[in-house]
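Colleague: Task: produce atomic coordinates for the following.
(2 chains)
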Amino acid sequence: MFKKILIANRGEIAVRVIHACRELGITSVAVYSDVDRAALHVRKADEAYHIGPAPAAESYLKVEKILGVAKRSGADAIHPGYGFLSENAKFAQACVDAGVKFIGPTTAAMEMMGSKTRARQEMEKAGVPFVPGTSRGLESPEQAEQVAAKVGYPIMLKAAAGGGGKGIRLVHTRQELGSALEAAQSEAQRAFGDGEVYIEKAIVNPRHIEMQVLADEHGNTVYLGERECSIQRRHQKVLEEAPSAIVDPHMRRRMGEVAVRVAKAAGYTNAGTVEFLVDEEKKFYFLEMNTRLQVEHPVTELITGLDLVHLQIRIAAGEKLPFSQEEVRIRGHAVECRIYAEDPDNDYFPSPGKITLLLAPSGPGIRRDSGIYEGWTVPIEYDPLLAKLIGYGTDRPQAISRLVRALNEYFVGGVKTNISLFRRILSDADFQAGRIDTGYLDRLLKSKPAELNREDAGIAAIAAGFFAMLDPASAATPEGAVSANGGSGVGNRSAASGWKGAARVEALR
Amino acid sequence: MVYEVAIDGKSYRLELERAGGRWQCRLDGREIQIDAVLARRDVLSVLIDGKCYEIKRERTATDMHLWVGSARYAAELRDPRSLRSRKDGAGNEHGPKKLVAPMPGKVVRILVHEKAEVEAGQGIVVVEAMKMQNEIKSPKKGVVKKIVAAEGANVNAGDVLAIVE
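Modeller: Numbers count the residues shown, from 1 in each chain, chains lettered A, B, ... in the order given. So this is what the prediction gives:
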């Protein structure tokens, strides 16, 4: 087993992996950029090293710097988390070359799946059903027009190196194609350093269902059931659940077997996810394979009773899968909400800032994977995911009611969050009946929200007075307040202002 | 203490006194039996006729909001001695309109030139924040009077990006 693992990531996933390391008795090493000195993952790790300025391209994406830290700290393995370098085959190869184990698949498997166009070519050979379109990158706007006309509008433009909803555009007409292509290519270039974009026929309002697979380095591959990920906005998943309301044991086995076939065709090892589009007749098409741990892995963990990060580490250390396909049991139901720092009243624009108040829920069937704490400032440079709140229950209605209960207890003050959106989704009749597809959330947001109960305005008025009398020291933002992560040396300063604040409170008693 | 409190713009007169170990509370002259405990900073537990309320306070540099359950109220505590009238924030369709950055980020592209005619809702500037590119759209039909933002520049929430007249 490894002695020391470097986590080449930040936020809630870095914290998640650090937890697993601690549980396995492995020393954890964090890396951080200028704005992340006070981030939770740095506080939680056993060791932490600075790797550069705030922009990810100069820190979390810098291969040499991360490998330098691995060498300096004596780490024998690297967990990439999701995003950043997690699906970068060059990084995986650089790890191999540096003699550090990359916790993930082989470079060859990543290269095949990392290019969505190459993956389509390979799956075509392996006889896996996939969505019609190009299997190669587009060379010119003229060629794009020809292909689009052939497969028929609407079409999807997708970044070959893509993931996380970046570099994707839905195009309804020929007129929109030119600017959409330009935008997708520019976004892909910025996000992945690769502007290659291909065309896929858009299956209108499909379901997005994915299958978790796990493969050891001894030829054993299993599937761990599906996740329903149809609730999306701007091609970003917002809420996921497992199992899917429409997948029965027979369909699960068929999808699972295709997923295992995909993984085997790629010579895949470690944890991976095979994504499918499912149409109204429940026909499923291979979409792509994500060669990393997914954001939504907790729902699978809850319904299978397995710890995917533990298993990733054990597989990377050369262990065999400790169970067979027949031993995988699905029990209960789990639903995950991605809590983002974004403003529901302003078209869900990112809303970074300082977290002034944090009240976190707990209790039966509630899991929270969080990367934030009270007093920390959410930086503008990275993805606005703050935490994931997951509800688990004997069945779907119980998982939902537990999650609703927990969301009502969850409070993040100082930044805007999408918590209210989840209350709306979870109480919606279509969602409760399992009538969802990838167009569901846009339709829900276009409909008028239920009138909020505003009868407690008088209570609010009374409370305003009580706050003024009982909690006057915090009535105004203290002058010169510094964020916990505003730059080097700021940690001390903000601690000092904290003491000052406490002294002021004492003086007023 | 007497407070004038505005909740979502509506004014209330609140009288609060501590006497004999209990609170005396009058809201717009109506007496209310109430008990209140500050559970922690920014969290208040209130009991009225046996009913429990938890109120959370959220503050920014400029304003205060109170959450009662899952409802959010804009709250303003006014000193009743000064008769400051409410700011007139209402805008209108005439005259120049400012395009402001809704969040901190980086200006990655400017989509129109100065003096260009634009439609309401047309993209003027693209701001990237948290890896998402967001088009900032014209608030009205008109002419771009001035482009304030520069490509590549970092902007803060509220910074003026352009003016449309």
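Colleague: Could you list the low-pLDDT ranges of chain A?
Modeller: A:163-164, A:473-509 (pLDDT under 70).
Colleague: Just want the most central residue of it.
Modeller: In chain A, the residue lying closest to the centroid (CA atoms, centre = their mean) is A:V295, at 3.2 Å.
Colleague: Would you mind naming the helix or strand containing that residue?
Modeller: Under the criterion DSSP states H and E, no helix or strand holds A:V295.
Colleague: ok, now the one 4 residues further on?
Modeller: Assigned by DSSP H and E, A:V299 falls within helix A:297-304.
Colleague: Do I have it right that the residue nearest to the centre of chain A meets A:Y82?
Modeller: Yes - with contact defined as CB atoms under 8 Å, A:V295 reaches A:Y82; the gap is 5.8 Å. For every residue, glycine as well, the C-beta is placed using N, CA and C.
Colleague: what touches both of those two?
Modeller: Common contact partners of A:V295 and A:Y82 (CB atoms under 8 Å, 6 or more residues apart in numbering or on different chains): A:I13.
Colleague: wait, what's in contact with residue 129?
Modeller: All of this refers to chain A. A:V258, A:K283, A:F284, A:Y285, A:F286.
Colleague: actually chain B
Modeller: When contacts are counted by CB under 8 Å, 6+ apart, B:A129 touches A:F349, A:P350, A:P352, A:I380, B:M103, B:P104, B:G105, B:K106.
Colleague: try 7 Å this time
Modeller: A:P350, A:I380, B:M103, B:P104, B:G105 (CB atoms under 7 Å, 6 or more residues apart in numbering or on different chains).
Colleague: Could you do A:M251 as well?
Modeller: Taking CB under 7 Å, 6+ apart, we find A:M251 in contact with A:K282.
Colleague: got it, and the one 5 residues further on?
Modeller: Taking CB under 7 Å, 6+ apart as the criterion, A:G256 is in contact with A:M211, A:Y223.
Colleague: Now it: phi and psi?
Modeller: phi -60, psi -40 (degrees, to the nearest 10).
Colleague: okay if I get the contacts of B:A129 as TSV plus distance to A:R338 and secondary structure?
Modeller: Shown next, in TSV, are the contacts of B:A129 (distance: CB to CB, whole Å; DSSP: H, G, I helix; E, B strand; the rest coil):
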residue	distance to A:R338	secondary structure
A:P350	13	strand
A:I380	18	coil
B:M103	18	coil
B:P104	21	coil
B:G105	21	strand
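Colleague: Looking at the residues you listed, which two lie furthest apart in space?
Modeller: Using CB to CB, the contacts of B:A129 span at most 8.7 Å, a distance reached by A:P350 and B:P104.
Colleague: what comes up buried for stretch A:391-400?
Modeller: Residues of stretch A:391-400 classed as buried under the neighbour-count rule (16 or more other CB atoms under 10 Å in any protein chain shown) are A:G391, A:Y392, A:G393, A:R396, A:Q398, A:A399, A:I400.
Colleague: Am I right that A:A266 is in contact with A:A109?
Modeller: Yes - at 4.5 Å, A:A266 and A:A109 qualify as touching, with contact defined as CB atoms under 7 Å.
Colleague: B:G121 reaches B:P139, doesn't it?
Modeller: No - assessed by CB under 7 Å, B:G121 is found out of contact with B:P139, at 8.6 Å.
Colleague: quick one, which of the two is more surrounded?
Modeller: Between B:G121 and B:P139, counting by other CB atoms under 10 Å in any protein chain shown, B:P139 is the more crowded of the two (17 against 11).
Colleague: For the stretch 301-450 of chain A, just list every one of the helices.
Modeller: Along the stretch 301-450 of chain A, the stretches classed as helices by DSSP state H, counting those that start in this stretch are A:308-316, A:396-409, A:419-426, A:429-432, A:440-446.
Colleague: Counting by contacts, list what the third one packs against.
Modeller: With contacts defined as 3 or more CB pairs under 7 Å, 6 or more residues apart in numbering or on different chains; DSSP states H and E, the secondary structure elements packing on helix A:419-426 are helix A:396-409.
Colleague: Which residues does stretch B:65-76 contact?
Modeller: Stretch B:65-76 is contacted by residues A:408, A:420, A:423, A:452-454, A:456-457, A:459-460, A:463-464, B:5-8, B:53, B:55-58, B:63-64 when judged by CB under 7 Å, 6+ apart.
Colleague: what about that stretch, how long is it end to end?
Modeller: Its first and final residues considered, stretch B:65-76 spans 8 Å by CA to CA, to the nearest Å.
Colleague: Which strand residues bridge the nearest residue to A:V247 once chain neighbours are set aside?
Modeller: Take A:V247 and drop its neighbours on the chain: the residue closest to it by CB to CB, 6 or more residues apart in numbering or on different chains is A:E226, 5.4 Å away. On the basis of DSSP bridges, A:E226 is bridged to A:M211.
Colleague: Fine, thanks again, bye for now.
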